[in-house]
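Colleague: Predicted model, plus sequence, below.
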Amino acid sequence: MDPNSTGRDRPPSHDQEDVAPRLRPRRVSGAGRQRGAIATAIFIVVLVVLVAGVAVAGGLFAGSSSVSPAPTGPQLAAGSPTAAGRSTVTTSSMPTPSPTPPQTSSPTPAPTAPPVPALLGAIGDSYTQAWSVSPQYLLDHTQFSWAIGTDKGDGVFSLRERFGALGGSPVVVDAATSGRKMDDAPRQADAVVAAAAKLAPGKTAYVTFELGINDLCASPDLMTDPAVFAAQLQTAISTLRTGLPAGSRILMLPVPDFRHFRDITQADPAAKALLSLPQNVYRCAPYLGTSSPATLTQADDYLNRYDASLEAVCEDINAHEGATGRLLCTYDASALADADFTIADLSTYDYFHPSLSGQRRMADDAWMADAWASLPLPSQPA
């Protein structure tokens, strides 16, 4: 019963009321109706609040069941797989992420190459001696050499000058001798090894090996038998293999591509006319001159077999000493056989020896074929 109701609204006692009157609807005053509406509204508000509270409590209960308990051992990082194979994120244990530093591009690694050699040894013939690069410079002029040249204004950036540009100052052993064949290679190898023996411990040597031209261009004499050529080569290489200091390198040049030289000289009227003169009929015949005891087919066969021997000794070095870095050898017929020569790269004195342009090309090709090619170099000193 509403405690605020008046006496008029209070029902009569049982002794004053029969059944029929009790079934009649009770009349309520205006003030009573107002108080009832207020009570109803209050009840509804309370009910809504209770329902909302239950819902919030339920959500909190459900949320608390998904929060990982405080770990007793090492905590899983955010997103780490759990034992059930899922990823969990423990917000109570996650550190505040630090700002990601701006990404910067990594510097390009500097090219790596062997140390500059302490000794530069030249084994070879007139091609290494820069013999008669032009009618104005007859005979040997080693200052123009592709390997050991020193002239600053010739346009030939020699290997010796390139090592100097890298900060080196190698001892130079010029064992090359114009007009010599492979039978002179053992003597030249001895000279290089004797000088290398005087180097300080840990220093290395670099040896250029360029021989075989005069074995092929022997007319009017017979060309060197390929088996003899190979034996003489082996003797010289054995000396280098046992006598050069650890870490040294050999640059093995193939015999020049005289088949190509024949093509470019036959196509040039001035060269063809000069080589047909009586004094030049034996000039590297049958390739350039016209008089030879061998045919072009025989000459090609010997040239191929010479190159095969040069390549084989280089491969054998790399297969044995090269595996430990004791000694390494470079042979690249496609880059070092002078197959890129034009007629301007041959001396107009005989169209057989390289001109200054040819010496420059040999230096460029030799440098690019070996281990220091990746190092940046300044321009050739003027």
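Modeller: Looks like it arrived, so ask away.
Colleague: rest of the way, CA atoms for contacts and neighbours
Modeller: Will do.
Colleague: Can you tell me the SS state at Gly153?
Modeller: coil (DSSP: H, G, I helix; E, B strand; the rest coil).
Colleague: gap between it and Ile237?
Modeller: Gly153 sits 35 Å away from Ile237, taking Cα to Cα, to the nearest Å as the criterion.
Colleague: These two: which is more packed in?
Modeller: Ranked by neighbour count (other Cα atoms under 10 Å), Gly153 and Ile237 place Ile237 first, with 21 against 11.
Colleague: Checking the more buried one next. Helix, strand or coil?
Modeller: Here Ile237 takes the helix state, with states given by three-state DSSP.
Colleague: lowest-confidence helix or strand of this structure?
Modeller: helix 19-23 (a mean of 36; mean pLDDT, DSSP states H and E).
Colleague: For the closest residue to Ala333 other than its chain neighbours, grab the count of nearby residues.
Modeller: Taking Cα to Cα, 6 or more residues apart in numbering, and ignoring the residues beside it in sequence, Ala333 has Pro254 as its nearest neighbour in space, at 5.8 Å. Counted with other Cα under 10 Å, residues neighbouring Pro254 total 27.
Colleague: Touching, Asp370 and Thr330? I think so.
Modeller: Yes: here Asp370 reaches Thr330: they are 6.6 Å apart, a contact under Cα atoms under 8 Å.
Colleague: Spit out the residues that contact the two alike.
Modeller: Taking Cα atoms under 8 Å, 6 or more residues apart in numbering as the contact rule, Asp370 and Thr330 both touch Leu251.
Colleague: for the residue nearest to Ala333, what are its contacts?
Modeller: With Cα under 8 Å, 6+ apart, Pro254 has these contacts: 210, 307, 310-311, 331-333, 336-337.
Colleague: Take these and keep only those in strands.
Modeller: With strands identified by DSSP state E, the entries of the contacts of Pro254 that belong to them are Tyr331.
Colleague: Is it possible to get a markdown table of the contacts of Pro254 that adds distance to Ala344, neighbour count and pLDDT?
Modeller: Formatted as a markdown table, the entries for the contacts of Pro254 read as follows, by distance: Cα to Cα, whole Å; neighbours: other Cα atoms under 10 Å; pLDDT from 0 to 100:
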| residue | distance to Ala344 | neighbour count | pLDDT |
| --- | --- | --- | --- |
| Glu210 | 21 | 23 | 98 |
| Asp307 | 25 | 21 | 98 |
| Leu310 | 28 | 25 | 98 |
| Glu311 | 28 | 19 | 98 |
| Tyr331 | 25 | 22 | 98 |
| Asp332 | 23 | 16 | 97 |
| Ala333 | 21 | 19 | 96 |
| Leu336 | 17 | 25 | 98 |
| Ala337 | 16 | 20 | 98 |
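Colleague: Could I get the full set of helices for this structure?
Modeller: All helices of the chain, identified by DSSP state H, fall at 19-23, 30-66, 159-165, 185-196, 213-216, 226-243, 258-266, 269-275, 296-324, 333-336, 356-369.
Colleague: now for those, which one comes closest to Tyr349?
Modeller: Comparing the helices of the chain by their distance to Tyr349 (Cα to Cα), the top pick is helix 269-275, with 8.8 Å.
Colleague: quick one on the thing from earlier: using JSON lines, lay out the helices of the chain together with distance to Arg283.
Modeller: Shown next, in JSON lines, are the helices of the chain (distance: least, Cα to Cα, whole Å):
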{"stretch": "helix 19-23", "distance to Arg283": "148"}
{"stretch": "helix 30-66", "distance to Arg283": "96"}
{"stretch": "helix 159-165", "distance to Arg283": "29"}
{"stretch": "helix 185-196", "distance to Arg283": "23"}
{"stretch": "helix 213-216", "distance to Arg283": "11"}
{"stretch": "helix 226-243", "distance to Arg283": "21"}
{"stretch": "helix 258-266", "distance to Arg283": "11"}
{"stretch": "helix 269-275", "distance to Arg283": "7"}
{"stretch": "helix 296-324", "distance to Arg283": "14"}
{"stretch": "helix 333-336", "distance to Arg283": "22"}
{"stretch": "helix 356-369", "distance to Arg283": "18"}
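Colleague: mind listing what's buried in stretch 127-142?
Modeller: The neighbour-count check on stretch 127-142 (16 or more other Cα atoms under 10 Å) flags 127-134, 140-142 as buried.
Colleague: Could you tell me the end-to-end distance of it?
Modeller: From the first residue to the last, stretch 127-142 extends over 10 Å; the measure is Cα to Cα.
Colleague: Can you name the residues in contact with that stretch?
Modeller: Stretch 127-142 is contacted from outside by 122, 126, 143-150, 176-178, 210, 346-349, 353-356, 359, using Cα under 8 Å, 6+ apart.
Colleague: Can I have the buried ones of those as a ChimeraX selection?
Modeller: With 16+ other Cα under 10 Å as the burial test, the buried ones among those are selected in ChimeraX as follows:
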select :122,126,143,144,145,146,147,148,149,150,176,177,178,210,346,347,348,349,353,354,355,356,359
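Colleague: How far away from the center of its chain is stretch 349-359?
Modeller: Stretch 349-359 has its C-alpha centroid displaced from the chain centroid by 35 Å (Cα atoms, centre = their mean, to the nearest Å).
Colleague: Name the surrounding residues that touch it.
Modeller: Here stretch 349-359 has contacts from 126-127, 130-135, 144-146, 154-156, 265, 271, 274-275, 280, 283-284, 288, 341, 343-348, using Cα under 8 Å, 6+ apart.
Colleague: let's see it at 7 Å
Modeller: Defining contact as Cα atoms under 7 Å, 6 or more residues apart in numbering, one finds that stretch 349-359 is touched by 127, 131-135, 145-146, 156, 271, 341, 344-347.
Colleague: Among the residues you listed, which one sits closest to Pro376?
Modeller: Val156 (17.3 Å).
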